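**Q** Predicted model follows, preceded by the sequence.
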Amino acid sequence: MSEDIQTRIVGDVGHITLNRPDALHALNQEMCAKMLSELEDWSANPRVRAVVVDHIEGSRGFCAGGDIRMLARSGKADGEEAMGFFATEYRLNTAIFNFRKPFIAFMDGITMGGGVGISVHGTHRIATERTLFAMPETGIGLFPDVGGGWFLPRLRGELGTWLALTGARLKGTDVLAAGIATHFVSSARIGEMKTKLLDASLSSNAHQEVGQIISEFDEPETVGSFKLHIAKMDKCFAFNRAEDIIATLEDDASAWAIEQAEILKTKSPRTIKVALRQVREGAQFRSFEENMRNEYRIAWRQVRSDDFLEGVRAIIVDKDNEPQWKPGELNDVADEVIDSIFAPLPDNRELTF
């Protein structure tokens, strides 16, 4: 058992609990490797009928992301430690996506970056009023990875494009309304529902049985607050050029559109273009594995980029919130640069499964 993660079998359920509260359960490579190993074992273990992923009680985050400081330290050097982490994390994301048994993630609290990757690809994703979802990577010069290229463009309309580019935060029932969570349960009832799941006698019909248990606690969907802006979102974020998105937002001139344009101008121009191309390409991929190979190529380049190192300095280390992006304007980010970020890696460096 790792200090940062607890795994055990309880009845018919494989139970994974994140246990790194001081870092809001941010993932490190050891945690990802342990989860991946357990999922591989539990996938073939007839005793395990379902998997539950949660975090220890009393902490406010489900999982706030990955080990950003390590990634920056590695990216400043040779990048090898960072790429080892990404390879393990992306294989974990893929194992969750392909897991044939019920996979229940309790997204109770902060769920960002890596936390999204260990929840959104599961079959049952439980949001509460404490859930705070975001993919904030464009603000630190990285990109919305952990399968973001797959699930974001498969949300309705341009919702995923908006989330990817702006790093917008969704709270509580908005996470359900967006289709990111599958259910909404009051945090006061999470303990009771979890106990019922862990105590359940599950059969080969576990998907239906788990669904029936969750339905006892599930609360009716409410209209997401973002839906007030869906029409403008679909119009303004439908372009394949980030410059056109900002121009359309400014032409719209509504308070919401102007706010989005101003938010985009604070993000890394290079990463904005990377994220936009990522979700457009991801929408066309036919397999999750194809998407994850694409994200690994992007990660290889982005983790070594000056913008990522500067973003971590400004947002996480010095906390002056004034990153100096280079280049500082979208028009100055050459198409050839973006092409190079998405180019295949040497055969011996491509992500394998």
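**A** Done, it's in.
**Q** Nearest residue to T222 in space, please, no chain neighbours.
**A** Nearest residue to T222, sequence neighbours excluded (Cβ to Cβ, 6 or more residues apart in numbering): T173, at 4.6 Å. For every residue, glycine as well, the C-beta is placed using N, CA and C.
**Q** whoops, I mixed them up, A168
**A** Nearest one to A168, counting by Cβ to Cβ, 6+ apart, is W162 at 6.2 Å.
**Q** what about that neighbour, neighbour count?
**A** A count of nearby residues for W162, using other Cβ atoms under 10 Å, gives 23.
**Q** Buried residues, the longest helix along the chain. List them.
**A** Secondary structure of the chain per DSSP state H: the longest helix is helix 80-98. By neighbour count on 16 or more other Cβ atoms under 10 Å, the buried set for helix 80-98 is 81-83, 85-97.
**Q** again with stretch 321-333
**A** With burial defined by 16+ other Cβ under 10 Å, the residues of stretch 321-333 counted as buried are 323, 325, 330, 333.
**Q** what's the answer for stretch 56-70, then?
**A** Neighbour counts over stretch 56-70 (16+ other Cβ under 10 Å) mark 59, 61-68 as buried.
**Q** How about stretch 230-241?
**A** Those buried within stretch 230-241 under the rule 16+ other Cβ under 10 Å are 232-233, 236-237, 239.
**Q** try stretch 164-174
**A** Of the residues in stretch 164-174, 164-168, 170, 172-174 count as buried by neighbour count, 16+ other Cβ under 10 Å.
**Q** Now render those as CSV, adding secondary structure.
**A** Below are the buried residues of stretch 164-174 laid out as CSV (DSSP: H, G, I helix; E, B strand; the rest coil):
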residue, secondary structure
A164, helix
L165, helix
T166, helix
G167, coil
A168, coil
L170, strand
G172, coil
T173, helix
D174, helix
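**Q** tell me which of those residues is nearest to Q208?
**A** T173 (25.1 Å; Cβ to Cβ).
**Q** That closest one against A127, yeah?
**A** Yes: counting by Cβ atoms under 8 Å, A127 is a contact partner of T173 at 7.4 Å.
**Q** Now do the shared contacts for these two.
**A** Counting by Cβ atoms under 8 Å, 6 or more residues apart in numbering, the contacts common to T173 and A127 are F184.
**Q** so where do the helices sit in the stretch 251-353 of the chain?
**A** With DSSP state H, counting those that start in this stretch, the ranges of helices along the stretch 251-353 of the chain come out as 255-266, 269-282, 288-302, 306-312, 335-342.
**Q** ah, wrong one, I meant the stretch 51-200 of the chain
**A** 68-76, 80-98, 114-117, 148-151, 159-166, 173-177, 190-199.
**Q** Need the mean per-residue confidence for the first one.
**A** To tie it back to what came earlier, the one meant is helix 68-76. Taken as a whole, helix 68-76 carries a mean pLDDT of 96.
**Q** now that helix against helix 80-98, angle please.
**A** Comparing the axes of helix 68-76 and helix 80-98 via axes from the mean of the first three to the mean of the last three Cα atoms, to 10 degrees yields an angle of 130 degrees.
**Q** can you give me the angle helix 68-76 makes with helix 288-302?
**A** Using the same axes, to 10 degrees: helix 68-76 against helix 288-302 is 70 degrees.
**Q** List the contacts of helix 68-76.
**A** Helix 68-76 is contacted from outside by 26, 28, 80-83, 85, 140, 142, 303-305, 308-309, 312-313, 316-317, using Cβ under 8 Å, 6+ apart.
**Q** go again using 10 Å as the cut-off
**A** With contacts defined as Cβ atoms under 10 Å, 6 or more residues apart in numbering, helix 68-76 is touched by 23, 26, 28-29, 65, 67, 79-86, 113-114, 137, 140-142, 299, 301-306, 308-313, 315-317.
**Q** and what of the last one?
**A** Helix 190-199 is contacted from outside by 10-13, 15, 50, 52, 54, 57, 102, 104, 106, 108, 124, 126, 128, 130, 183, 185-186, 209-210, 213-214, 216-218, using Cβ under 10 Å, 6+ apart.
**Q** just to revisit the earlier point, what's the closest of the buried residues of stretch 164-174 to E290?
**A** Taking the buried residues of stretch 164-174 together and measuring to E290 by Cβ to Cβ, the closest member is A164, at 18.1 Å.
**Q** if we can go back for a sec, just the buried subset of the contacts of helix 68-76, written out for ChimeraX, thanks.
**A** Burial among the contacts of helix 68-76 is assessed by 16+ other Cβ under 10 Å; the matching ChimeraX selection reads:
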select :23,26,28,29,65,67,79,81,82,83,85,86,113,114,137,140,141,142,299,301,302,303,304,305,308,309,310,311,312,313,315
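**Q** my guess is I263 contacts L165, does it?
**A** Yes: between I263 and L165 there is a contact under Cβ atoms under 10 Å: 8.6 Å.
**Q** ok, now which residue in this protein is the farthest from the centroid?
**A** Distance to the chain centre peaks in the chain at S201, reaching 31.6 Å (criterion: Cα atoms, centre = their mean).
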